[in-house]
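In: Have a look at this fold, sequence not included:
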């Protein structure tokens, strides 16, 4: 199991051929209180970089892009009733969607922990 | 060609905001805190339940004072009111000493150049206290100074600190620091002595809560800020919560719900058009505004309950059949109601509370319903009238 990051502050936790996608603690902190999450439809086919979800804070809406290409297999319905989970627990309970990764090679192009840490210093 | 003005002005309390963990953003040409570490929702709720302290030093307090007052209080007030009334639709002449009124500075077409507060000095005959918005203040002050000519002098006080303490516990807190302030009625102001310095305190604000706005010299600003924060009922509140509080209170925000095309009647501010001025029809754009007051208007500001994602400024408002009928001018999440709300303009036929409409958010239609405003009831302090 490995976790990679995009420069746009999404993370993807790779478990076999599935990726769990959310936003990083750094991103939730920057956005502030999250009040609404627009989840993708299960079955939606995404290309790397496509808009996958929208996370809304009190002040503004922020697009969440797909870190890799694939098909959405599951979404975190808990966020519909409790969007603040992204603030309180971004990397576990606040995950946004799961994706069946169609091109494992794209994982290698993402940032590892050290590179992402450098980016947010 | 001149260089564009890019540098931000700082407020007297800038270092204090940073020390408190304030997230500083550009606003109206100033660097101001949008939130502190507690976050916008916590700050918003704190203000509704206790007392929130806001730095609104970017706004434009000023004094307009007759050059040659006679000393006859009523005659001098009438003279200074006569200078400003041709610019606004409110009854300034009718102000009692110490009374403050919300009014609008209008262009020739009856559109809002700004919304502002005008108060009659409780002490000095022929002097008005005028507070305008940050983004418009240079233009406003130029217009007022021109109208005053050599008959009155406009003195800007926008280099001081302007603080707002808002919430159900605000006045009780302020009373411990500035005794006597709780005697002020809503929409009245006065001078108060504090630690060898003068404070101008108005019982007003823009959150829908009871509270005060306090004009203070730069020298005393940090001391006053710290004295207020030392009370456990008070927390610092950023511009983010200020915006969500005023939205819940259904109050228009200049540059969003009000601009030079919008009349006071379209904005639903009929109360700001006084009967005496309406009957005299002697203010800019009177022909349009009086016609609109009688019911002949093309659009009117409404409140909307929005289902689903917040509909923000610029979102289209559609009728049940999907025809675009207007736009959202302010919208977001209401922390007190835990739902999305918005203000926007629609034709009067769609303005009745309960009317089912739709809003377009990222191309998707969501249900919305017209509702009366304020979304959250105002809790201003009103003294019982003596019989």
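Out: Thanks, I have the structure now. Predicted model, so just to flag it, every value in this text is computed and none were measured.
In: from the stretch 251-387 of chain B, which residue is nearest to chain A?
Out: Per Cβ to the nearest Cβ, residue B:333 is where the stretch 251-387 of chain B lies closest to chain A, at 4.1 Å. Every C-beta, even on glycine, is put in place using the N, C-alpha and C of the backbone.
In: most centrally placed residue in chain A?
Out: residue A:22 (2.5 Å; Cα atoms, centre = their mean).
In: so what's it up against?
Out: Shown in contact with residue A:22 (Cβ atoms under 8 Å, 6 or more residues apart in numbering or on different chains): A:10-11, A:86, A:90-91, A:94-96.
In: how does it look with 10 Å?
Out: Taking Cβ atoms under 10 Å, 6 or more residues apart in numbering or on different chains, we find residue A:22 in contact with A:9-13, A:28, A:53, A:55, A:64, A:76, A:79, A:85-86, A:89-97.
In: As a quick check, tell me the outermost residue of chain B.
Out: Distance from the C-alpha centroid of chain B, by Cα atoms, centre = their mean, peaks at residue B:321 (36.0 Å).
In: okay but that residue is in contact with residue B:350, surely?
Out: No - counting by Cβ atoms under 10 Å, residue B:321 does not reach residue B:350; the two are 11.7 Å apart.
In: OK, contacts around the nearest residue to residue A:93 once chain neighbours are set aside?
Out: The shortest distance from residue A:93 to any non-neighbouring residue, by Cβ to Cβ, 6 or more residues apart in numbering or on different chains, is to residue A:85 (4.8 Å). Contacts for residue A:85 were tallied using Cβ under 10 Å, 6+ apart; they are A:22, A:28, A:34, A:37, A:76, A:78-79, A:92-96.
In: what do you get if the cut-off is 8 Å, keeping everything else the same?
Out: Residue A:85 makes contact with A:76, A:78-79, A:93-94 under the criterion Cβ under 8 Å, 6+ apart.
In: and which of those is nearest to chain B?
Out: Checking these against chain B with Cβ to the nearest Cβ, the nearest one is residue A:79 at 12.5 Å.
In: where's residue A:69 relative to residue B:78, distance?
Out: Separation of residue A:69 from residue B:78 (Cβ to Cβ, to the nearest Å) stands at 75 Å.
In: hmm, back to that, from the contacts of residue A:22, list just the buried residues.
Out: Neighbour counting with 16 or more other Cβ atoms under 10 Å in any protein chain shown marks A:9-13, A:28, A:53, A:55, A:64, A:76, A:79, A:85-86, A:90-91, A:94-97 as buried within the contacts of residue A:22.
In: Stretch B:345-362 close to chain A?
Out: Yes - with Cβ under 8 Å from any Cβ of the partner chain as the criterion, chain A is reached by stretch B:345-362 at residue B:362.
In: Could you work out the end-to-end span of that stretch for me?
Out: With Cα to Cα, to the nearest Å as the measure, stretch B:345-362 spans 19 Å from end to end.
In: Please apply the same query to stretch B:113-131.
Out: Taking Cα to Cα, stretch B:113-131 runs 14 Å from one end to the other.
In: can stretch B:291-310 be found next to chain A?
Out: Yes - residues of stretch B:291-310 contacting chain A under Cβ under 8 Å from any Cβ: B:308-310.
In: which parts of that stretch are buried?
Out: Applying a neighbour-count criterion of 16+ other Cβ under 10 Å, one finds B:292-293, B:297, B:299-306, B:308-310 buried in stretch B:291-310.
In: Show me the helices in the chain, by range?
Out: Using chain A. For chain A, the helices defined by DSSP state H cover A:25-31, A:78-81, A:85-88, A:105-108, A:113-119.
In: wait, I meant chain B there
Out: Ranges of helices in chain B, per DSSP H, are B:14-19, B:40-49, B:73-84, B:137-148, B:170-177, B:218-229, B:239-248, B:275-280, B:286-293.
In: List the residues that contact residue A:31.
Out: Applying Cβ under 8 Å, 6+ apart to residue A:31 gives the contacts A:23, A:55, A:57, A:60, A:62.
In: Identify the bridge partners of the second one.
Out: With DSSP bridges as the criterion, residue A:55 is bridged to residue A:37, residue A:62.
In: if we can go back for a sec, most packed of the helices of chain B?
Out: Among the helices of chain B, ranked by average contacts under mean count of other Cβ atoms under 10 Å in any protein chain shown, first place goes to helix B:239-248 (a mean of 25).
In: what's next to that helix, contact-wise?
Out: By Cβ under 8 Å, 6+ apart, helix B:239-248 touches A:32, A:58-59, B:25, B:27, B:32-35, B:40-41, B:43-44, B:47-48, B:52, B:54, B:56, B:166, B:206-209, B:253, B:330-337, B:341, B:343, B:374-376.
In: filter those to the buried ones?
Out: Among the contacts of helix B:239-248, those classed as buried by 16+ other Cβ under 10 Å are A:32, A:58-59, B:25, B:27, B:32-35, B:40-41, B:43-44, B:47-48, B:52, B:54, B:56, B:166, B:206-209, B:253, B:330-336, B:341, B:343, B:374-376.
In: List the ones among those that fall in strands.
Out: B:25, B:27, B:32-35, B:52, B:54, B:166, B:330-334, B:341, B:343 (DSSP state E).
In: What residues does the stretch 1-150 of chain B have near chain A?
Out: So the stretch 1-150 of chain B meets chain A at B:34-35, B:39-42 (Cβ under 8 Å from any Cβ).
In: Tabulate those in a markdown table, adding columns for distance to residue B:161 and pLDDT.
Out: Listed next are the residues of the stretch 1-150 of chain B next to chain A as a markdown table, based on distance: Cβ to Cβ, whole Å; pLDDT from 0 to 100:
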| residue | distance to residue B:161 | pLDDT |
| --- | --- | --- |
| B:34 | 18 | 96 |
| B:35 | 20 | 97 |
| B:39 | 24 | 95 |
| B:40 | 23 | 97 |
| B:41 | 27 | 97 |
| B:42 | 24 | 97 |
